[in-house]
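# Let me see the structure of the following:
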Amino acid sequence: MSDMLEERGKALENEYFRRKERELIEKMKAKLETEEVKDLHVDCPKCDGHLFETEYEGIAIDVCDKCSGVWLDAGELAQVVDNNEDSGWLSRFFK
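Numbers count the residues shown, from 1 in each chain. Predicted structure coming up:
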């Protein structure tokens, strides 16, 4: 019985994080559509699409035009965590 409850708990937790990830991706896509995007002429390490640099909450990030992958340069993850220090689960994850 407890194994079933553990499995159910893990499934709910996985679904929660999938939903949060989808929300963040949609938010970033909406911001990308409204902001000016600069072409880096760099290939995506995952799918060989092209990376474009854009600004997200004051941080320059690289986004793939094919797979929508987000790539961070050195120090950018720390900036994201600092920006979301009191409000997001990402900052709690790194503490």
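# What ranges in the protein fall below the confidence cut-off?
Applying pLDDT under 70 to the chain picks out residues 1, 35-40, 84-95.
# mind running it again at 90?
Judged by pLDDT under 90, the chain has its weakly predicted residues at 1-6, 9, 24-95.
# How far does the longest helix seen in it sit from its chain's centre?
Ranked by residue count under DSSP state H, the longest helix found in the chain is helix 2-34. Centroid displacement of helix 2-34 relative to its chain, using C-alpha atoms, centre = their mean, to the nearest Å, is 12 Å.
# Quick one: list the elements packing against it.
Applying 3 or more C-beta pairs under 8 Å, 6 or more residues apart in numbering; DSSP states H and E, one finds that helix 2-34 makes contact with strand 50-56. (Glycine included, C-beta is placed from N, CA and C.)
# Which elements pack onto the helix or strand following the strand it packs on?
Next helix or strand after strand 50-56 toward the C-terminus (DSSP states H and E): strand 59-64. Helices and strands in packing contact with strand 59-64 are listed as strand 50-56, strand 70-71, helix 76-83; criterion 3+ C-beta pairs under 8 Å, 6+ apart.
# Now mean neighbour count too, for those, in JSON lines please.
As requested, those are arranged in JSON lines below (neighbours: other C-beta atoms under 10 Å):
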{"stretch": "strand 50-56", "mean neighbour count": "17"}
{"stretch": "strand 70-71", "mean neighbour count": "16"}
{"stretch": "helix 76-83", "mean neighbour count": "15"}
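# how about these in TSV, adding distance to residue 13?
Converted to TSV, these look like this (distance: least, C-beta to C-beta, whole Å):
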stretch	distance to residue 13
strand 50-56	26
strand 70-71	23
helix 76-83	21
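# on that earlier part again, how about the longest helix of the chain: buried residues?
Residues of helix 2-34 classed as buried under the neighbour-count rule (16 or more other C-beta atoms under 10 Å) are 28, 32.
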